[in-house]
Every structure is written in C-alpha cells, then in structure tokens.
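> structural data only, the sequence is not supplied:
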C-alpha cells in the first residue's frame, strides 16, 4: 500500500506512560484511591510496579493486594469504574503541582509525523481507552491520535498492538481502497520499558525505545530494540529510523543506546536507507 506521497504506508504506535508523557503518578494515585474507597486499604499500588503492564493486570494486582484473591469480572469492572472516576482529579492535580510533563522532543516529532501522508500515528498502550484520553488531554497531543490499541482491548500487549494495527488498516482501506497490505517491517512500536519492546518483537513489528521513561536503561538495552535513545529531542534520528527500509529484516545490528547513541544510531539509519 502506498500513500499519496509515493512512499510505503507506515504505522507508528506509541506507548503512553513514560513514552509520550509522565503523568506525575496520576494513574497509581487514582488506583490507590479507588482501592481505598472500595476496600479500605491504603497505598496498595506501592507494593508492585505498574510500568509496562496492562491496566487490567494492574487492577487485578491491586485487588489481590487488598482482598487476597483474584477479582470476579464484576469486581474488576467495579474497580475500573472507580479508577476512571478518580483519574481526572489526579491528572488535574499533577498538572497543577507541575508533576505532569511531556517526554522531551515528543511534540515536534509527533507534529512532523502527522504531516506525512504515508504515516498513521496511533497509540499502543496498556491504559484503558478512556484512561488514555484523560492522561493525554493536558499534553495537547490527543488530537494526533485518531486510533490505537488499549488495555480495554484485552489482556495481552501483543494482542493490543495487533488490534491497533487492524484499526490502522481499516483507516487506510477507507482512504485507499485499492491499496495492498501493510508489511510488518512498516509497523513501528515505540515504548519505554522492556515489556513494550518484547511485545512489539513478538508481534513481528519494529521496535524503538526511550530511556527517559520508566524502564531501567540497562534492561532496555538487553531487550535490544532497533533504536534506543534518551528521548525524542534528536528528531532526525527518529525520522530517519521510521523512513528506513527495515534494519532488523536486512540483517543490520540493532541501533543501541548509551553515551554515543545518537551518532551510532544515526549511522545505523543511514546504512539502512542505502540498502
């Protein structure tokens, strides 16, 4: 399938927490408050890590910490509803207290990508869809994301990413009915934890990651994303990677992070474009 610019269509899926924004712990605080309101136990979410998990897994872990067992479907839905009622308040508080921040460089990168007719930008996040929109709204980035895969789509990050791609394909079919399929090498998953990288790889997609989020940098390096950078301030680095022909499929080594990451990653992207 080709876009109006003559370039092959691409799908770029961004994780949310730690990749697009840091919401100042609003999600954790909202879940803590929801559990406290329903079951009277405080601060249960400080007993485990929420980073890179699906919301449904976090709800079940929080419930189990409070009640000592897994929730029924009805109990889980009740906890989800209580969380979503509390989340807007916690996000507003994080903004007011200046704990809410965008990952450096993300606004300009998203703006650039959104101007490319061959690129579809979407979310690939473990957040419930409504929760994702609540968290993103203060950033001004929400308007760029017309589709996505969400924690409300299932239990698995791989399944969530594939749902996002199906939605992207539906959008492209509506735009270009005569177009062909999107190759896995034209689908990019960008996150901030090893879980994001592993899920993208398992789904058969290309993976990039930032170390300014919630993932431990050394663990991210061990997960071996194609591109690993501190953040999105080197916009050309990311745009070159997304424009490349497929580093992993071509046999090129992954572009790695570290002190000299920007120069090294740029060379990787240049080699891929020349192949």
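That came through fine. Just so it is clear, the structure is predicted and the values come from calculations on it, not from any experiment. Numbers count the residues shown, from 1 in each chain.
> the strands in the protein, which residues?
10-14, 21-22, 101-102, 119-124, 148-149, 187-191, 206-210, 227-229 (DSSP state E).
> measure the residue in the chain sticking out farthest from the centre to residue 66 for me?
Distance from the C-alpha centroid of the chain peaks at residue 40, with 32.1 Å (C-alpha atoms, centre = their mean). Here residue 40 is placed at a distance of 8 Å from residue 66 (C-beta to C-beta, to the nearest Å). To be clear about C-beta, it is placed using only N, CA and C from the backbone, and glycine gets the same treatment.
> which regions of the stretch 151-275 of the chain sit below the pLDDT cut-off?
177-180, 245-275 (pLDDT under 70).
> let me know the pLDDT of the closest residue to residue 93 other than its chain neighbours.
In space, residue 93 comes closest to residue 26 once its chain neighbours are excluded; the distance is 7.4 Å by C-beta to C-beta, 6 or more residues apart in numbering. If you check residue 26, the pLDDT there is 96.
> one more: the one 4 residues further on?
The confidence metric pLDDT takes the value 96 at residue 30.
> before we move on, what about the one 5 residues further on?
Turning to residue 35, the model gives it a pLDDT of 96.
> quick one: contacts for it?
Residue 35 is in contact with 41, 44-45, 62-63, 65-66, 79, counting by C-beta atoms under 8 Å, 6 or more residues apart in numbering.
> ok, 6 Å please
Contacts for residue 35 (C-beta atoms under 6 Å, 6 or more residues apart in numbering) come out as 44, 62, 66.
> isn't the second one right next to residue 32, touching?
Spelled out, that is residue 62. No: with contact defined as C-beta atoms under 6 Å, residue 62 does not reach residue 32; the gap is 7.9 Å.
> now the common contact residues for these two.
In contact with both residue 62 and residue 32: residue 45, using C-beta under 6 Å, 6+ apart.
> between those two, which is the more surrounded one?
When residue 62 and residue 32 are compared for neighbours, residue 62 comes out ahead with 26 against 21, by other C-beta atoms under 10 Å.
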